[in-house]
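> Need a 3D model of the following:
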Amino acid sequence: MAPEHPSFPLQAHLGFEVEGDGGRGSARLVLDERHHNPNGVAHGAVAFTMMDTAMGAAVMSLLDDGVFCATIEMQTRFIRAASGGELRAEATVVHPGRRVMHLEARTVDADGRLVASATASFAVLA
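Just a heads-up that it's a prediction; the model follows:
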């Protein structure tokens with residue numbers, strides 16, 4: 001994959017790494033207490049944020065310099081709780097439209113078990 005993307009404050013706070021290249025993106029982190037909800041498992045927003053960011057990296061990997069993207073909509077399904085170890089979100093552009101791109105993403109735990117999945121549409125902004 002391409003070099004790591006520039007960090008932004010939420011990414012730095014959650015402590016995840018992002019990469020994107022050729023219409024694919026990924027994000028990964030090691031869960032700790034700052035990611036937990038009151039029940040002691042990863043808050044759903046962690047997987048959501050990782051997939052959203054991985055999808056953004058996938059879109060950006062296909063765009064020219066000076067062109068950006070923004071999430072239009074995202075549907076997320078939470079499958080199982082995760083409480084420790086590594087989480088990895090993988091995203092793929094499934095339709096690279098000129099103005100709107102459609103994507104799929106999956107978050108898995110360290111054992112490769114599905115934690116969450118998502119589909120989304122991203123606007124291409126010139």
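> residue ranges of the helices in this protein, please?
With helices called from DSSP state H, the chain shows them at 9-14, 44-60.
> Can you flag the weakest of those by average pLDDT?
Comparing mean pLDDT across these, the lowest value falls on helix 9-14: a mean of 91.
> Adding distance to Gly112 and mean neighbour count as columns, could you present the helices of the chain in CSV?
C-beta: built from backbone N, CA, C; applies to glycine. Shown next, in CSV, are the helices of the chain (distance: least, Cβ to Cβ, whole Å; neighbours: other Cβ atoms under 10 Å):
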stretch, distance to Gly112, mean neighbour count
helix 9-14, 21, 12
helix 44-60, 15, 24
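> I'd like to know how many residues surround His36.
16 (other Cβ atoms under 10 Å).
> got the contact list for it?
Ala42, His43, Ser83 (Cβ atoms under 8 Å, 6 or more residues apart in numbering).
> any idea how far the closest residue to the second one other than its chain neighbours is from Ala118?
With Cβ to Cβ, 6 or more residues apart in numbering as the measure, Asn37 is the residue that lies nearest to His43, at 4.3 Å, once sequence neighbours are left out. In this structure, Asn37 and Ala118 are separated by 19 Å, where distance is defined by Cβ to Cβ, to the nearest Å.
> Between the two, tell me which one has more neighbours.
With neighbours defined as other Cβ under 10 Å, Asn37 and Ala118 compare such that Ala118 has more, 23 against 12.
> Looking at the contacts of His36, which has the smallest pLDDT value?
Comparing these by pLDDT, Ser83 comes last, at 89.
> Count the neighbours of the closest residue in space to that residue that isn't next to it in sequence for me.
Computed as Cβ to Cβ, 6+ apart, the closest residue to Ser83 that is not its neighbour in sequence is Val41, at 4.7 Å. By the measure other Cβ under 10 Å, the count of residues near Val41 is 16.
> and Val41, what does it touch?
Residues in contact with Val41 (Cβ under 8 Å, 6+ apart) are Ala81, Ala82, Ser83.
> Quick check: phi and psi at it.
Note on Val41: its backbone torsions stand at phi -120, psi 170 [degrees, to the nearest 10].
> in this structure, which ranges drop under the pLDDT threshold?
1-6 (pLDDT under 70).
> Thanks a lot, catch you later.
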